[in-house]
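*Asks:* sequence and predicted model, in that order:
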Amino acid sequence: MKQLTHFLEGFGSAVQLLFQSARYVGTLPRQRARFIDQCYVIGYTTLPIVAILCFFMGSVLALQSGYSMENFGAKQFIGSLVGLSFARELGPVIVAILVAGRVGSAITAELASMKVYQEVDALVTMNIPPARILVLPRLAAVLVMMPVLAIIGNLIGWFGGAVVCKYVESIAIEPEAYFSALRRYMKFQDVGTGLMKAEIFGFVVVLICCSIGLNTRGGPREIGASVTKAVVVSLISILVLDYFVTKALM
Amino acid sequence: MPAMNPPIHRNPITAVESPAVGVTIDGLTKNFGKFQALKNVSFSVEPGEIFVLMGPSGSGKSVLLKHIVGLEAATSGRVLINGQDATAEHTLERIRIALVFQAGALFNSLSVYDNLALYPREHRLGDEASIRDKVMRALQILSLENSAQKFPSELSGGMRKRVAIARALVMEPQLMLYDEPTSELDPVMGATISEIIATLKDEYHVTTIVVSHDRELALGIADRVGILMGGELVFLGPPASLRQPTDPRIADFFHPRIDLKNPRFKNLET
Ligand SMILES: Nc1ncnc2c1ncn2[C@@H]1O[C@H](COP(=O)(O)OP(=O)(O)O)[C@@H](O)[C@H]1O
Ligand SMILES: [Mg+2]
């Protein structure tokens, strides 16, 4: 029962924060500097880890499916399998999970410490809404950067699959064959679906992390607790949302 | 000092005049769970007056200031600023209130300069050059010109406090609240702060509430003094009547006698 009210409270404050931030959308042009800063943090700093993880996910996927598809004599379809699962499912989910761990945790830590050390209170007394300068630029930046990260993640994941197909002896499929299979069964819509998912996941993660950070109460010890909570709630939200978004977009 | 006509507040930068701000605290009670931090506190601060609020640690002084800026909501009673409820959203839009937090509450990710410039930038009060003038003037007043590019983590406690005061000055407030502005400062800097507070009042009629343990400051610049103890207002009056306090609790607060036969730490609750 208590858990449920906590959940509803948290959900309520996140929605409230979203509406508060939306009120200030008009101030974005003059918050260009903050927006670009956040794009850099969300996009650029996450890129290396997205690249490494997606490369290996693509490789493992190709290796695993090569092993099982050989039994059906369906090896030549590895490209389609890796391509589709990356574009529709793995790419967006992996990128969102990395954004939650890498960016979301940092956002919560920063906002929670601003709350605990009364910087947020100081903003309020200066009549500068925290939603406007702390939350809005981050939400805007994640909307811009998620598709970029997801596209790069897809490309690297596909490439990882191609590398495995070429150099693993039991598979031995040339890149031309791999990529033509990848293209043959993939529609533009599949990539679009994936980007849409990435957009939704990233936005929700940043909103959750901002909300939990700003609702931190107590002393410095609570900063760590908030970060843990933000990451856990983000991960759960990504996977739960994934089910419903996948169903809705089918 | 109830004046017939309210004194006129003059904005130090723009010279725009407006009636000075008055504060009324009316039956203010605040509970944190079962704990009662403020118990039916009532007093008013006249426009253009310096009100010094004193009292031992934990007596509810900071909590009271937070109610005046609308950061805490009262359990019962209310705070009115120029007749408007302090918790109403538009109050902060109409009346510039600056609170100098006890711990400074500086923005740690911004340099000292940017800490001061944030308010005028966000409220678009002039171009970058005029904001620079304003910021540098405030830094000069507090002898901080050489620290403009430093970050809060590079400052001593006393410097942080001065930056917090400078940041409040840049807001050109009509109502200025200080939470222990002279603690952590050396005596000379403490006197400087007292002079700044008094000057703002004399020249610009900034209504001021100072929370302080500093008896010199209270006797030196206060128009009136209030003393909180355990969340209750136990004294309200002119500073002169504190020179020879009759209430034994207040006498003990100002001149605590060290008594090793009956040490007070053995009588503390909790
Ligand atoms: N947010 C809070 N939650 C619970 N108790 C609080 C809170 N803020 C202050 N208090 C309590 O209220 C009392 C008054 O605190 P405060 O106003 O900070 O004292 P001081 O007079 O030293 O400034 C203290 O006992 C403090 O523990
Ligand atoms: Mg205090």
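*Replies:* Great, that's in hand. Ligands and ions are numbered 1, 2, ... in the order given.
*Asks:* every contact and neighbour count from this point should use C-alpha atoms.
*Replies:* Will do.
*Asks:* quick check: A:Ala225 is in a strand.
*Replies:* No: going by DSSP: H, G, I helix; E, B strand; the rest coil, the assignment for A:Ala225 is helix, not a strand.
*Asks:* what about B:Ala198, which helix or strand?
*Replies:* Secondary structure from DSSP states H and E places B:Ala198 in helix B:187-204.
*Asks:* and that helix, what does it pack against?
*Replies:* Contacts defined by 3 or more CA pairs under 8 Å, 6 or more residues apart in numbering or on different chains; DSSP states H and E place helix B:187-204 against strand B:8-10, strand B:207-211, helix B:215-221.
*Asks:* reformat those into TSV and put distance to A:Val240 and mean neighbour count next to each item.
*Replies:* Below are the helices and strands packed on helix B:187-204 laid out as TSV (distance: least, CA to CA, whole Å; neighbours: other CA atoms under 10 Å in any protein chain shown):
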stretch	distance to A:Val240	mean neighbour count
strand B:8-10	57	21
strand B:207-211	51	27
helix B:215-221	60	18
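*Asks:* where among these is average confidence lowest?
*Replies:* Between those, the one with the least mean pLDDT is strand B:8-10; it has a mean of 70.
*Asks:* tell me who's in contact with residue 109.
*Replies:* This is for chain A. Shown in contact with A:Ala109 (CA atoms under 8 Å, 6 or more residues apart in numbering or on different chains): A:Gly213, A:Ile223, A:Gly224, A:Ser226, A:Val227.
*Asks:* ah, I was thinking of chain B
*Replies:* B:Ser109 is in contact with B:Phe151, counting by CA under 8 Å, 6+ apart.
*Asks:* hey, what's the residue nearest in space to the middle of chain B bridged with?
*Replies:* Central residue of chain B (CA atoms, centre = their mean): B:Tyr178, 2.0 Å from the mean position. According to DSSP bridges, the residues that bridge with B:Tyr178 are B:Val100, B:Val210.
*Asks:* for ligand 1, give me its nearest residue in chain A.
*Replies:* Residue of chain A nearest ligand 1, by CA to the nearest ligand atom: A:Gly218 (7.6 Å).
*Asks:* give me the element that residue is part of.
*Replies:* Applying DSSP H and E as the criterion places A:Gly218 outside every helix and strand.
*Asks:* just A:Arg34 next, same as before
*Replies:* Short version, using DSSP H and E: A:Arg34 is in helix A:32-39.
*Asks:* is any part of that helix close to chain B?
*Replies:* No: using CA under 8 Å from any CA of the partner chain, we find that helix A:32-39 stays clear of chain B, coming within 12.4 Å at best.
*Asks:* might one say that A:Pro220 is in contact with A:Val116?
*Replies:* Yes: counting by CA atoms under 8 Å, A:Val116 is a contact partner of A:Pro220 at 6.5 Å.
*Asks:* identify each buried residue in stretch B:247-254, please.
*Replies:* B:Ile250, B:Phe253, B:Phe254 (16 or more other CA atoms under 10 Å in any protein chain shown).
*Asks:* and the first one, helix, strand or coil?
*Replies:* In other words, B:Ile250. For B:Ile250, the assignment made with three-state DSSP gives helix.
*Asks:* quick check: the gap between it and B:Thr182.
*Replies:* Distance, B:Ile250 to B:Thr182, using CA to CA, to the nearest Å: 21 Å.
*Asks:* also A:Val148?
*Replies:* Taken as CA to CA, the span from A:Val148 to B:Thr182 is 52 Å.
*Asks:* can you list the residues of the stretch 1-150 of chain B near ligand 1?
*Replies:* B:Phe32, B:Ala37, B:Ser57, B:Gly58, B:Ser59, B:Gly60, B:Lys61, B:Ser62, B:Val63 (CA under 6 Å from any ligand atom).
*Asks:* could you give the bridge partners of the first one?
*Replies:* Applying DSSP bridges to B:Phe32 gives these bridge partners: B:Phe35.
*Asks:* tell me the contacts of residue 145?
*Replies:* In the absence of a named chain, chain A is used. Taking CA under 8 Å, 6+ apart as the definition, contacts of A:Met145 comprise A:Cys39, A:Ile42, A:Gly43.
*Asks:* not quite, go with chain B.
*Replies:* Taking CA under 8 Å, 6+ apart as the test, what B:Glu145 contacts is B:Met136, B:Leu139.
*Asks:* try 6 Å
*Replies:* By CA atoms under 6 Å, 6 or more residues apart in numbering or on different chains, the residues touching B:Glu145 are B:Leu139.
*Asks:* hey, where'd the helices end up in chain A?
*Replies:* For chain A, the helices defined by DSSP state H cover A:2-22, A:32-39, A:47-69, A:78-85, A:91-99, A:105-116, A:119-125, A:130, A:136-167, A:175-184, A:188-214, A:221-249.
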